[in-house]
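> need coordinates for the below:
(one chain, ligands or ions: 2)
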Amino acid sequence: MGIAILYEHPETDELGIRMTAKEMGLDLTYIPFHKIAVSISNGGYSFRSQKKNYFKTIDSVNAVLNRTQSKNRRLYAASFLEAIGKYVINPLQVESLCFSKFRTLVEFWKQGIKIPKTIFIPCDSHYTTSKGRTIHNEEKIADLITNNLGERNIVLKPDAGTHGYNIMLVNDRNELVKILDETEPSIINPVGFVAQEFVKKWFYDLRIIVFKERGTPPHCHPKALARAGFKDFRTNTYLGNMVFGINLPLEVQKAAIQSSKAIGGNSETWLLALDAMFNIGEEESVDDIYIKDQLEKLVIPFDAVKKVKKDDKKYENFAVWNENLESAYQHYKDTEAYENVRTIIEESTEKEKNSILFHEANSCPEFWEQTRIFTEMNLAIQLLKCAKSVEGWSIYQRVRENKYE
Ligand SMILES: Nc1ncnc2c1ncn2[C@@H]1O[C@H](COP(=O)(O)OP(=O)(O)O)[C@@H](O)[C@H]1O
Ligand SMILES: [Mg+2]
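Ligands and ions are numbered 1, 2, ... in the order given. All right, here's what the predicted structure looks like:
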């Protein structure tokens, strides 16, 4: 029984997984999750595009890497694939917790992991009754938030958002009410509002990789990705922040393992990228002006990396594009400024190791363009190893016979 990868459109990570599988001599089957019909009836199931029937393809694999980009579609893919006895990485249970920031934090909190104080308010800011009257809840929601977090430094987040999108730092009640008023229920924010205390985290946060193969305990990769910049409190790389590879203190690795166990539960294998920050308050050890100056020196080599990333050649010749990416990053990493900032971050993590807070678990993390290069770990290898670890093993004691419709 083999391994499959499922996605809508191949992006760098999926192309990277395919290239890695080839290098590892693994036969990786492709299952589309776009313009196909998944049909279930009491007679069985079918999985078809207009031209092709994928039943035999799916039937021949037992583990599926779920790389559909939309969080919602990943849930649908996982729920169907598990129903027909496939092992999905990540499993539905993990995917479902990672879908929501609040649900993830509840699991962390249950296990005593340090988190930013978080408020969830299950209420729409406004709605129209069946009699046509508009009800406004903005003031009440604002009260509930400020009663818990105070009037200043409130972080508002879409519960199911990603890439820092629509995450706002609010400093004033009028602004808060205005934002609440402008927020409509949406597919990424379907259930209400998540507000969080603003963590004084200096200029970076961490992306930490933890994984578990069947039959072995969870493992935290000792090198993490730090995302850094002063322009915005959101340090997502998607927003143009710079990246650094740092060695993690043992205490942080242990905390990351504990956090990921809270999400992985009893699942046999999984792979997660945890977002974490240090609550360092005002205790900065190095002058910001010096760091800003060093980051400024990195702008040109980092822009060169961004230029390669945007280059569409990756779709024509991925291997050549990948070499260009690696050489642009090497140039950036070889600079003195890179090593200077990297050392400052590493020293800060050692000093602050006990003030780490975990705030998010990502089930389908980016890994080819940044994580691989800075943490010196190709997550594609690990994902494929996780899939291999469940070879010949079924999620059911007794597999339901899959009938072809
Ligand atoms: N409570 C907070 N205090 C300070 N910074 C935060 C807080 N929450 C998020 N951030 C910053 O915003 C970024 C995005 O937030 P995150 O919760 O990870 O959502 P997303 O899913 O959009 O990445 C984080 O990487 C972090 O730098
Ligand atoms: Mg994040």
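
> CA atoms for contacts and neighbours, from now on please.
OK.

> quick one, what contacts the residue nearest to Leu176 when sequence neighbours are not counted?
Closest residue to Leu176 apart from its sequence neighbours, by Cα to Cα, 6 or more residues apart in numbering: Val170 at 6.2 Å. Contacts for Val170 (Cα atoms under 8 Å, 6 or more residues apart in numbering) come out as 152-156, 176.

> Ser70: neighbouring residues, count only.
12 (other Cα atoms under 10 Å).

> same check, this time on the one 3 residues further on
Arg73 is flanked by 17 other residues according to other Cα under 10 Å.

> which helix or strand contains it?
Element membership for Arg73, per DSSP states H and E: helix 71-83.

> check which residues of that helix are buried.
Using 16 or more other Cα atoms under 10 Å as the test for burial, helix 71-83 gives 71, 73-75, 77-82.

> which residues sit against the strand or helix carrying Ile373?
Secondary structure from DSSP H and E places Ile373 in helix 371-375. With contact meaning Cα under 8 Å, 6+ apart, helix 371-375 is reached by 223-225, 243-246, 326, 329, 377-379.

> and the contacts of Val170, which of them are in helices?
Members of these lying in helices (criterion: DSSP state H): Leu176.

> filter the contacts of Val170 down to the ones close to ligand 1.
Val155 (Cα under 6 Å from any ligand atom).

> what parts of the protein come near ligand 1?
Counting by Cα under 6 Å from any ligand atom, the chain sits next to ligand 1 at 116, 155, 161-165, 196-199, 205, 233-236, 275, 359-360.

> one more time with 5 Å
162-164, 198-199, 234-235 (Cα under 5 Å from any ligand atom).

> mind saving the C-alpha coords of stretch 230-246 as CSV?
Output in CSV follows, covering the C-alpha atoms of stretch 230-246 (Å, rounded to 0.1, in the frame of the first residue of the first chain):
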residue,chain,number,x,y,z
PHE,A,230,10.0,46.1,13.6
LYS,A,231,7.5,47.3,11.0
ASP,A,232,4.4,45.5,12.3
PHE,A,233,3.6,43.5,15.5
ARG,A,234,2.7,40.6,13.2
THR,A,235,5.9,38.8,12.3
ASN,A,236,4.4,36.5,9.6
THR,A,237,6.9,35.9,6.8
TYR,A,238,4.0,36.5,4.4
LEU,A,239,4.1,40.1,5.5
GLY,A,240,7.7,40.4,4.3
ASN,A,241,9.4,39.8,7.6
MET,A,242,13.0,38.4,7.6
VAL,A,243,13.9,34.9,8.7
PHE,A,244,16.6,33.4,10.8
GLY,A,245,17.5,29.9,11.9
ILE,A,246,18.1,29.5,15.6
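
> in three-state terms, label the residue lying closest to Ile188 once chain neighbours are set aside for me.
Leaving aside its sequence neighbours, Ile188 sits nearest to Ala160 (Cα to Cα, 6+ apart; 4.8 Å). Going by DSSP: H, G, I helix; E, B strand; the rest coil, the secondary structure assigned to Ala160 is coil.

> roughly how far does Ala160 sit from Val191?
10 Å (Cα to Cα, to the nearest Å).

> which of the two has more residues huddled nearby?
Using other Cα under 10 Å as the criterion, Ala160 and Val191 rank with Ala160 on top: 20 against 17.

> reformat the buried residues of helix 71-83 as JSON lines; add pLDDT and distance to Gly265.
Below are those laid out as JSON lines (pLDDT from 0 to 100; distance: Cα to Cα, whole Å):
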{"residue": "Lys71", "pLDDT": "93", "distance to Gly265": "20"}
{"residue": "Arg73", "pLDDT": "95", "distance to Gly265": "22"}
{"residue": "Arg74", "pLDDT": "97", "distance to Gly265": "19"}
{"residue": "Leu75", "pLDDT": "97", "distance to Gly265": "17"}
{"residue": "Ala77", "pLDDT": "98", "distance to Gly265": "20"}
{"residue": "Ala78", "pLDDT": "97", "distance to Gly265": "16"}
{"residue": "Ser79", "pLDDT": "96", "distance to Gly265": "17"}
{"residue": "Phe80", "pLDDT": "97", "distance to Gly265": "20"}
{"residue": "Leu81", "pLDDT": "95", "distance to Gly265": "19"}
{"residue": "Glu82", "pLDDT": "94", "distance to Gly265": "16"}
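
> surely Thr207 is in a strand?
Slight slip there: residue 207 is Arg, not Thr. Yes: secondary structure of Arg207 (three-state DSSP): part of a strand.

> point to the residue nearest the middle of the chain.
For the chain, the residue sitting closest to the mean C-alpha position, by Cα atoms, centre = their mean, is Asn362 at 2.7 Å.

> hey, what's that one bridged with?
With beta bridges defined as DSSP bridges, Asn362 has these partners: Ala273.

> isn't it right next to Ala276, touching?
No: between Asn362 and Ala276 there is no contact under Cα atoms under 8 Å: 11.3 Å.

> name the residues contacting each of those two.
Joint contacts of Asn362 and Ala276 (Cα under 8 Å, 6+ apart) do not exist.

> what helices and strands are in contact with the helix holding Arg73?
With contacts taken as 3 or more Cα pairs under 8 Å, 6 or more residues apart in numbering; DSSP states H and E, helix 71-83 sits against strand 61-66, strand 87-89, helix 92-99.

> dump these to TSV, plus distance to Ile145, mean neighbour count and mean pLDDT.
Putting those into TSV (distance: least, Cα to Cα, whole Å; neighbours: other Cα atoms under 10 Å; pLDDT from 0 to 100) gives the following:
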stretch	distance to Ile145	mean neighbour count	mean pLDDT
strand 61-66	36	26	96
strand 87-89	36	28	96
helix 92-99	22	22	97
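
> make a markdown table out of those and add distance to Leu6.
Formatted as a markdown table, the helices and strands packed on helix 71-83 follow (distance: least, Cα to Cα, whole Å):
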| stretch | distance to Leu6 |
| --- | --- |
| strand 61-66 | 5 |
| strand 87-89 | 10 |
| helix 92-99 | 14 |
